[in-house]
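> all I have is the shape, not the residue letters:
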């Protein structure tokens, strides 16, 4: 941590031996000021812009192998239309150029899918996509001020396990796009609900997507850094990070719609530069959420065991 520890108020004795505090507890306003001041210092000290740029490089190397692996798994249990629908939904918040690039690559993977593709390419894709997870592990260790003490093989196994788990979650989410409407329409027809399900489904699927993204981010915050802090799905950092990611993606899309000069400046590389910029912004949002959790843990470490585990620089988790 970059700030001084928060000391407990000293206790003295009063008549009757009852302890009291000579220091008034800080008001909530003071805590909020301290939070934002420390957050600003941590953001500068950890240089999340530079970390985000590094992660964008590794994300480029890992994203398309990850798409190969997910498409391979999905096509074992789902039809082409469902996969395409899922890709369209997952990329809807992305800038148009990035959305078209990913959709084109996914379609190419689907067109070339086969037995050899499923066996050989999936194994290579799993390893390639896990390289980005390893890089993210190092970035989160830097954010949380953790020394990496786990052996090399354990870090690699963790990265592969996280990659595999995320891929399975994505495939399950795609499957729900098929199962959900079938079950919902059956229930709506049986109980005479009319078009109520279609309205509800349009809301539920987006809420579900948001919860899924928060769950994935919570897994990354818990498993990748070298900390024994307990698993929490709905953390302030995950919620703010996901919201920031959606907002930044939307605003970047608006900017491109009205002020796009990338193709004029970079020519044929314009689409690639847009994609890299979006990846950088996405990684900054992810790291910003982690920074919020780190600062909150530092401020609450005297009142919460979980916060103390995350905040303690010297803490070495026995479970890792």
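Noted; the coordinates are in hand. Please read all numbers here as calculations on a predicted model, not as lab measurements.
> pLDDT score assigned to the residue most central in space within the chain?
In the chain, the centroid-proximal residue (C-alpha atoms, centre = their mean) is residue 217; its distance is 3.3 Å. According to the prediction, residue 217 has pLDDT 80.
> next one: residue 281
Reported pLDDT for residue 281: 90.
> cool, and residue 284?
The per-residue pLDDT reported for residue 284 equals 90.
> return the set of buried residues in whichever strand or helix holds it.
In this assignment (DSSP states H and E), residue 284 forms part of helix 270-300. For helix 270-300, the neighbour count (16 or more other C-beta atoms under 10 Å) marks 270-271, 274-300 as buried. Yep, even glycine has a C-beta here, placed from its N, CA and C like the rest.
> packing partners for it?
helix 28-46, helix 48-77, helix 96-111, helix 122-143, helix 196-223, helix 236-259, helix 262-266, helix 305-311 (3 or more C-beta pairs under 8 Å, 6 or more residues apart in numbering; DSSP states H and E).
> got TSV for these, with distance to residue 88 too?
Formatted as TSV, the helices and strands packed on helix 270-300 follow (distance: least, C-beta to C-beta, whole Å):
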stretch	distance to residue 88
helix 28-46	34
helix 48-77	14
helix 96-111	7
helix 122-143	21
helix 196-223	12
helix 236-259	15
helix 262-266	23
helix 305-311	37
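> where in the stretch 51-200 of the chain is pLDDT low?
Confidence mapping of the stretch 51-200 of the chain against pLDDT under 70 gives the ranges 93, 112-122, 177-178, 194.
> please repeat the previous calculation with a cut-off of 80.
For the stretch 51-200 of the chain, applying pLDDT under 80 flags the ranges 61, 63-80, 82, 85-98, 109-126, 128-129, 143-145, 170-200.
> I'd like to check the angle between the helix holding residue 284 and helix 28-46, please.
Angle, helix 270-300 to helix 28-46, by axes from the mean of the first three to the mean of the last three C-alpha atoms, to 10 degrees: 130 degrees.
> circling back to that earlier point, contacts only, for the residue nearest to the centre of the chain.
238, 241, 242, 286, 289 (C-beta atoms under 8 Å, 6 or more residues apart in numbering).
> let's see 10 Å
233, 235, 237, 238, 239, 241, 242, 245, 285, 286, 289, 290 (C-beta atoms under 10 Å, 6 or more residues apart in numbering).
> gap between the fifth one and residue 133?
In other words, residue 239. 22 Å (C-beta to C-beta, to the nearest Å).
> who's more crowded, these two?
residue 133 (23 against 17; other C-beta atoms under 10 Å).
> so what's that one up against?
Counted by C-beta under 10 Å, 6+ apart, residue 133 has contacts 58, 62, 66, 155-156, 158-163, 166, 220, 223-224.
> among the residues you listed, who's most crowded?
Busiest of the contacts of residue 133 [other C-beta under 10 Å] is residue 163, holding 25 neighbours.
> pick the one among the contacts of residue 133 closest to residue 265.
Residue 265 lies nearest to residue 58 out of those, by C-beta to C-beta, at 25.0 Å.
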